[in-house]
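Colleague: Structure of the sequence below:
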Amino acid sequence: MADVTLAQAQRAALLLAGTVKGYSLYPEAHPAVAQPLREICGIVEKALRESSELRLGILDGVFFLDQHLFFTPAASVEELAGILAARQVRAVTFRKGVTPDELTVLVSLLGRRDLRGEVLAAELARRGCVHVILELEELRQEETDDLDPAATYREAITVISTLFGDVESGRIPGTRALRGVVDRIADLAIREPSTLLGLAMIKDYDNYTFFHSVNVGVLAMAVGAARGIGGDELRELGMAGFLHDVGKTRVAKKILNKPARLSPEEFEVMKRHAEDGARIVGEMEGISPRVVQAVLGHHLCYDRTGYPGWARELPFDSFREIIAVADCYDAITTLRVYKPPLNPREAVEMIRGLAGTQLNPELVATFAGMLGRYPVGTLVRLDTNEMAVVVRPAPAGSERPVVKVVKDRRGMMLAHPVVKDLACQEGAAIVAVVDPVLAAVDVSRCLEGT
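Modeller: Alright, predicted model coming up:
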């Protein structure tokens with residue numbers, strides 16, 4: 001617990017309340033915003049010198065900051081409590097290492113009425129605020145029954161970014177939140193696998209590790225469900241996919257984020273992430289040995305080349321091989337500084353070429369069949385000259401997927417894209433695959449909310 005006096009707690013609460021409100025009235029550089037933010041940073045920084053975290057929020061309807069409860073709060077503090085409640089935030093935790101920029105982002109997002117719950121937390125994570133953790137109000141059961149896939153995906157990003165932050169800070173992370181989101185995605189994998197394929201094409205270069213980890217978990221569960229895996233086994237597979245790269249928290253940032261190919265020496269350091277990840281996951285409560293094994297072996301190839309070399313003769317099961325397929329596909333369809341991404345159709349062809357050596361050929365066949373001839377995320381040109389993004393695979397034996405038309409026949413971006421099921425439209429057909437970079441179409445953004 002941080003050592004914050006009552007006077008400091010009162011001051012911090014008043015400043016935070018005023019700053020959140022000020023953000024809706026003034027630009028960031030305005031003294032009404034910048035000055036109180038500087039003072040808040042000073043209070044938080046001082047509190048965290050002797051403690052690992054500082055927490056504020058609402059407890060049984062009463063606002064609190066650290067150990068101090070505000071039973072008769074000033075009007076501005078009461079307003080702040082109302083803002084947190086409206087954003088579905090139960091508490092905010094500031095962890096040691098929090099920066100002024102992270103506090104600024106938090107305040108700016110709290111001032112937006114369109115962000116709440118998982119969406120707010122996901123946006124905070126997307127902007128790299130790893131030292132600011134939101135505890136969200138639990139949704140009532142009737143709300144969880146209707147959780148939409150996009151919200152579940154955003155929640156997964158939040159959970160993974162928080163978990164990785166815990167590991168980076170030297171803590172053994174809990175698994176309750178991870179299990180909750182894995183349960184929901186496993187259900188989607190069985191009921192709506194095509195939806196998962198769209199979610200897994202959402203990319204964010206600035207938060208590559210988080211999005212890649214979630215995408216691998218999502219794709220792995222989709223493949224697992226297509227192979228007839230279900231129940232607890234499918235959930236374990238999802239866990240392994242989400243956690244496969246947790247060992248990268250042990251890799252120096254200058255290597256992990258290097259804007260070029262790694263040198264041989266740097267690659268040797270990077271290769272240790274599989275072993276480090278297995279050790280980390282092995283210390284987490286309730287994680288099965290099967291998940292640990294999959295994390296350890298996700299860079300071992302089908303022909304048993306790869307790394308770590310000492311583990312090549314261990315009796316790995318299909319989890320490792322499913323994650324290898326998902327990992328490869330997401331990596332080669334994601335933009336990196338040192339290489340352009342492949343479009344989904346090219347990526348499938350590349351994966352086919354790796355079958356029998358790097359990847360299990362039966363799993364590659366399952367994966368390719370699941371995606372179809374025009375995989376989700378492919379930008380195509382229709383015979384009407386419209387441009388569209390594939391958002392649902394075509395039915396088995398068909399080459400007419402569900403698409404979202406994003407450019408009209410003149411090449412103009414549509415303000416409101418139109419979803420078309422080509423299988424239900426006589427004569428509608430795909431005539432070509434288009435490079436989204438040359439067409440200036442952000443496929444990832446087109447898939448959000450699909």
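Colleague: Could you pull up the contacting residues of Ala311?
Modeller: Leu296, Gly297, Leu300 (C-beta atoms under 8 Å, 6 or more residues apart in numbering). Heads up, the C-betas are built off the backbone N, CA and C, glycines and all.
Colleague: mind giving me a markdown table with the residues you listed and columns for secondary structure, distance to Ile322 and pLDDT?
Modeller: A markdown table is the format used below for the contacts of Ala311 (DSSP: H, G, I helix; E, B strand; the rest coil; distance: C-beta to C-beta, whole Å; pLDDT from 0 to 100):
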| residue | secondary structure | distance to Ile322 | pLDDT |
| --- | --- | --- | --- |
| Leu296 | helix | 15 | 97 |
| Gly297 | helix | 11 | 95 |
| Leu300 | strand | 13 | 95 |
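Colleague: By neighbour count, which of the residues you listed wins?
Modeller: Using other C-beta atoms under 10 Å as the neighbour test, these are led by Gly297, with 27 neighbours.
Colleague: Identify the single longest strand in the protein, thanks.
Modeller: strand 413-421 (DSSP state E).
Colleague: Tell me the buried residues in stretch 271-289?
Modeller: Lys271, His273, Ala274, Glu275, Asp276, Gly277, Ala278, Ile280, Val281, Met284, Ile287 (16 or more other C-beta atoms under 10 Å).
Colleague: Could you do stretch 158-171 as well?
Modeller: For stretch 158-171, using 16+ other C-beta under 10 Å, the buried residues are Thr158, Val159, Ile160, Ser161, Thr162, Leu163, Phe164, Gly165, Asp166, Val167, Glu168, Ser169.
Colleague: So the last one sits against Lys96, correct?
Modeller: Yes. At 7.4 Å, Ser169 counts as touching Lys96 under the criterion of C-beta atoms under 8 Å.
Colleague: low pLDDT regions in this protein?
Modeller: Confidence mapping of the chain against pLDDT under 70 gives the ranges 1-3, 24-26, 28, 114, 138-147, 337-338, 396-397, 427, 449-450.
Colleague: Pop the domain breakdown of it in here.
Modeller: 1-138, 142-371, 375-447 (automatic domain parsing).
Colleague: Between Ser169 and Lys96, which contacts overlap?
Modeller: In contact with both Ser169 and Lys96: Ser52, using C-beta under 8 Å, 6+ apart.
Colleague: Just give me the residue closest to the centre of the protein.
Modeller: Geometric centre of the chain, nearest residue: Ile157, 2.7 Å, by C-alpha atoms, centre = their mean.
Colleague: what ranges do the helices span in the stretch 101-250 of the chain?
Modeller: 117-126, 141-144, 149-168, 176-191, 193-199, 208-226, 231-243 (DSSP state H, counting those that start in this stretch).
Colleague: Need the contact partners of whichever helix or strand comes after the last one.
Modeller: Sequence-wise, the next helix or strand downstream of helix 231-243 (DSSP states H and E) is helix 253-256. Counting contacts by C-beta under 8 Å, 6+ apart, the residues outside helix 253-256 that touch it are Thr209, Lys248, Leu262, Glu266, Val269, Met270.
Colleague: One more pass at 7 Å, please.
Modeller: Lys248, Leu262, Glu266, Val269, Met270 (C-beta atoms under 7 Å, 6 or more residues apart in numbering).
Colleague: most neighbours, which of those?
Modeller: Busiest of the contacts of helix 253-256 [other C-beta under 10 Å] is Lys248, holding 22 neighbours.
Colleague: residues contacting Ala186?
Modeller: So, once contact is read as C-beta under 7 Å, 6+ apart, Ala186 ends up touching Met221, Leu234, Arg235, Gly238.
Colleague: CSV please, covering these and showing neighbour count and distance to Ala324.
Modeller: Below are those laid out as CSV (neighbours: other C-beta atoms under 10 Å; distance: C-beta to C-beta, whole Å):
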residue, neighbour count, distance to Ala324
Met221, 31, 15
Leu234, 23, 17
Arg235, 21, 19
Gly238, 29, 15
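Colleague: just those residues now: which is nearest Lys420?
Modeller: Met221 (27.8 Å; C-beta to C-beta).
Colleague: Provide a list of residues in contact with that closest one.
Modeller: So Met221 contacts Ile185, Ala186, Ala189, Leu196, Leu234, Leu237, Gly238, Gly241 (C-beta under 7 Å, 6+ apart).
Colleague: Check Ile58 too.
Modeller: Ala81, Leu84, Ala85, Arg90 are the contacts of Ile58 under C-beta under 7 Å, 6+ apart.
Colleague: Any figure for the gap between the third one and His416?
Modeller: Relative to His416, Ala85 is positioned 33 Å away (criterion: C-beta to C-beta, to the nearest Å).
Colleague: Those two: which is more packed in?
Modeller: Ala85 (16 against 5).
Colleague: Neighbours of Lys253, how many?
Modeller: Counted with other C-beta under 10 Å, Lys253 comes out at 9.
Colleague: What of the one 10 residues further on?
Modeller: The burial count assigned to Ser263 is 11, neighbours taken as other C-beta under 10 Å.
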